[in-house]
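Asker: Provided below are the primary sequence and the corresponding predicted coordinates.
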Amino acid sequence: MNDYIKELTMLIRDGDMQNTYKMAWARAIVETCVLDESQSVIHFDTLSEKIFGYYWNQSIFFQLEQSPNPHNRPEIHQIVLEEINQYQLNNDNQPKYFSKVHSVNIPVTKISNVLKKDVSWRFLLLNKTESAFYELDKKNKTITIKHPQIVKEYSDILFELINYRWTQKLEEFNHSPRISKKVLGTDRERVRRNNLSKFRKYLDIENPDRRCFFTDKVLSDGDLSIDHILPWSYLYSDDLWNLVYVDRSHNSSKSNRIPSEEVIQRLEERNIRLLSLLTSNAIKDKQTEELSLCVERDLLRKFWVGCKG
């Protein structure tokens, strides 16, 4: 491997991390080199905009914590969350990629100041030795990359390594499952909710009248919606054992709230009934097997507890 890239990989792989700042910083540097390999001098403001977008996507879709203490979040993460809250107050709660949002004010100067104070110089430290991967000019808030074209050449490997290390830290800070898929999904903008209509044939077996799980109201096609009891943003998965019929208006007001224990108990009872009916109808497929596994291993309650944490 090229010695210059080897030095960067060591900083990514072995650098001390109290939060995810260093991985956001590293990714922004690599991405900048990919977009313009002739740009050797990079201003913090350029990196700030990219870092804002990374945290925006991970936060608005999955509410991922970026440090061990959710009551004392890293300053940049707090800045992003404040902007997300403001955006949702002025628009709606539907998650959107940062690249598709046009009405957000990025506090670039505030983020750049944090990068100057907490990140730019710390990233270079490894075992009490300072790397020479880039030249740091804290006064003017710039870094000079010696070989941006080489960084671009190795960018695929570097992105994978950054995502891997970022995922490792997120697993320490979050109880959420499928962390690696969430990081990859927001990295490549592949987060999407699948069409849930394929689950109707299963739900109809246990609930042929199509009654709302919460109100018991019989639903017309216009009012009918299929929804997750445990938030999709937590599981990042569509599972029969977590899906029910709900009134469309109730669904839109529920947002990503964590359900009560009473709701979980009712869903556990529903799952037992549904599994029994599917078994008696000799329906055996991937959905039935996953439902059976959920009931046998009490996965719903375990995920619910993790979701609360």
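Answerer: Happy to help now that I have it. Numbers count the residues shown, from 1 in each chain.
Asker: Any regions of the stretch 101-250 of the chain where pLDDT drops low?
Answerer: Applying pLDDT under 70 to the stretch 101-250 of the chain flags the ranges 192.
Asker: rerun that using 80 as the cut-off
Answerer: The model of the stretch 101-250 of the chain has pLDDT under 80 over residues 102-103, 188-194, 250.
Asker: Now do the strands in it.
Answerer: Counting by DSSP state E, counting those that start in this stretch, the segments of the stretch 101-250 of the chain that form strands are 125-126, 129-130, 134-137, 142-145, 224-228, 243-247.
Asker: Make a markdown table from those and add distance to residue 53 and mean neighbour count to it.
Answerer: Bear in mind the C-beta positions are built from the backbone N, C-alpha and C, glycine included. Formatted as a markdown table, the strands of the stretch 101-250 of the chain follow (distance: least, Cβ to Cβ, whole Å; neighbours: other Cβ atoms under 10 Å):
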| stretch | distance to residue 53 | mean neighbour count |
| --- | --- | --- |
| strand 125-126 | 26 | 15 |
| strand 129-130 | 29 | 9 |
| strand 134-137 | 21 | 17 |
| strand 142-145 | 19 | 19 |
| strand 224-228 | 26 | 19 |
| strand 243-247 | 31 | 23 |
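Asker: surely residue 199 meets residue 243?
Answerer: Yes: Residue 199 is within contact range of residue 243, at 5.4 Å (criterion: Cβ atoms under 8 Å).
Asker: Let me see the ranges of the helices in this protein.
Answerer: 3-14, 21-35, 44-62, 75-90, 108-114, 148-153, 155-173, 179-187, 200-206, 232-235, 248-254, 261-280, 286-297, 299-308 (DSSP state H).
Asker: how near is residue 159 to residue 79?
Answerer: Using Cβ to Cβ, to the nearest Å, residue 159 is found at 24 Å from residue 79.
Asker: The closest residue to residue 261 other than its chain neighbours and residue 263: what is the separation?
Answerer: Leaving out its chain neighbours, the residue that sits closest to residue 261 by Cβ to Cβ, 6 or more residues apart in numbering is residue 304, at 7.9 Å. Distance, residue 304 to residue 263, using Cβ to Cβ: 9 Å.
Asker: more crowded one of these two?
Answerer: residue 304 (23 against 16; other Cβ atoms under 10 Å).
Asker: okay, the more buried one: pLDDT?
Answerer: Note for residue 304: predicted pLDDT of 85.
Asker: can you pull the contacts of it?
Answerer: 230, 258-259, 261, 264 (Cβ atoms under 8 Å, 6 or more residues apart in numbering).
Asker: Which two among those residues are spaced furthest apart?
Answerer: Greatest spatial distance in these: 230 and 261, 12.6 Å, computed using Cβ to Cβ.
Asker: In terms of neighbours, single out the busier of the two.
Answerer: Between residue 230 and residue 261, counting by other Cβ under 10 Å, residue 230 is the more crowded of the two (22 against 11).
Asker: Test my guess that that one contacts residue 306.
Answerer: No: with contact defined as Cβ under 8 Å, residue 230 does not reach residue 306; the gap is 9.3 Å.
Asker: gap between residue 123 and residue 177?
Answerer: In terms of Cβ to Cβ, residue 123 sits 30 Å off from residue 177.
Asker: Between these two, which has more neighbouring residues?
Answerer: residue 123 (25 against 16).
Asker: mind pulling up the phi and psi values for the residue lying closest to residue 303 once chain neighbours are set aside?
Answerer: With Cβ to Cβ, 6+ apart as the criterion, residue 303 has its nearest non-adjacent residue at 5.7 Å, and that residue is residue 230. When read as degrees, to the nearest 10, the backbone of residue 230 gives phi -80, psi 130.
Asker: what sits against residue 230?
Answerer: The contact partners of residue 230, taken as Cβ under 8 Å, 6+ apart, are 242, 258-259, 300, 303-304, 307.
Asker: Take those and lay them out in a markdown table including distance to residue 106.
Answerer: Shown next, in a markdown table, are these (distance: Cβ to Cβ, whole Å):
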| residue | distance to residue 106 |
| --- | --- |
| 242 | 35 |
| 258 | 30 |
| 259 | 35 |
| 300 | 40 |
| 303 | 35 |
| 304 | 36 |
| 307 | 30 |
